[in-house]
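Trainee: Quick one: sequence and predicted model below, then my questions.
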Amino acid sequence: MTLTIGSKIPKLEITTKTSEGLDIINTENYFSGRKIIVFSVPGAFTPTCSEKHLPSYVKHHDKFLSVGIHAIACLAVNDAHVMFAWAEQNGADGLIDLFADSRAIFTELLGLKTDMGAVLGIRASRSAFVVDNGLITHFFKEEPKAYEVSDAESLLSAVSS
């Protein structure tokens, strides 16, 4: 699948972890009847992801809710324990839903799988998209090594207009 406007979110189960423990998210149920921002990052604890990307969504969380967004989710090719530790360290626990895609299955189904070489390996491309009742309505994918169109400010502008 190549993610495009009008694409339907693939149906699968993905792992998450919150302060209450491990859980499974059924994507069909999660996206049904709601408008959700999903941003994907190459990896938890990596420089741009930790210093800019995740913090931008934490900072603007309430603004997203005020313009009709029901939830914000972060997708990364990491395990649920790493994602949760990263969220806790960045004040995102309880604000950002964590999609731990340790085997890159959801990432590949979305067409976001990328090989970042010997250091990072298989990861999700940096991107952000809006899902309204299971359908993609906005999609922003970064060029390699860029951080220009998938930040919270860009998405907030897109969903506010």
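Mentor: Arrived safely, thanks for sending.
Trainee: Spatially, what comes nearest to residue 33 if we skip its sequence neighbours?
Mentor: In space, and not counting its chain neighbours, residue 33 is closest to residue 133: 5.7 Å by CB to CB, 6 or more residues apart in numbering. (Glycine included, C-beta is placed from N, CA and C.)
Trainee: Please name the residues that touch the one you found.
Mentor: Under the criterion of CB atoms under 8 Å, 6 or more residues apart in numbering, the contact list for residue 133 reads 31, 32, 33, 34, 35.
Trainee: And for the helix or strand of the chain with the lowest mean pLDDT, what's in contact with it?
Mentor: Within the chain, no helix or strand scores below helix 117-120, which has a mean of 80 by mean pLDDT, DSSP states H and E. Where contact means CB under 8 Å, 6+ apart, the residues beyond helix 117-120 that reach it are 42, 43, 46.
Trainee: let's see it at 7 Å
Mentor: Helix 117-120 has contacts (CB atoms under 7 Å, 6 or more residues apart in numbering) with 42, 43.
Trainee: just stretch 75-89 next, same as before
Mentor: With contact meaning CB under 7 Å, 6+ apart, stretch 75-89 is reached by 15-17, 22, 38, 40-41, 43-45, 93, 96, 98-102, 104, 106-107, 122-124.
Trainee: Show me what counts as buried in it.
Mentor: Along stretch 75-89, the positions that meet the burial threshold by neighbour count (16 or more other CB atoms under 10 Å) are 75, 76, 77, 78, 79, 80, 82, 83, 84, 85, 86, 87.
Trainee: SS state for the nearest residue to residue 113 once chain neighbours are set aside?
Mentor: Nearest in space to residue 113, with sequence neighbours left out and distances taken as CB to CB, 6+ apart, is residue 107 at 4.9 Å. Put simply, residue 107 is helix when judged by DSSP: H, G, I helix; E, B strand; the rest coil.
Trainee: so residue 107 makes contact with residue 116?
Mentor: No: look at residue 107 against residue 116 with CB atoms under 7 Å: they stay out of range, at 12.0 Å.
Trainee: So between those two, which is more surrounded?
Mentor: With neighbours defined as other CB atoms under 10 Å, residue 107 and residue 116 compare such that residue 107 has more, 22 against 17.
Trainee: mind showing which ranges of the protein have poor pLDDT?
Mentor: In the prediction, the chain carries residues with pLDDT under 70 at positions 1.
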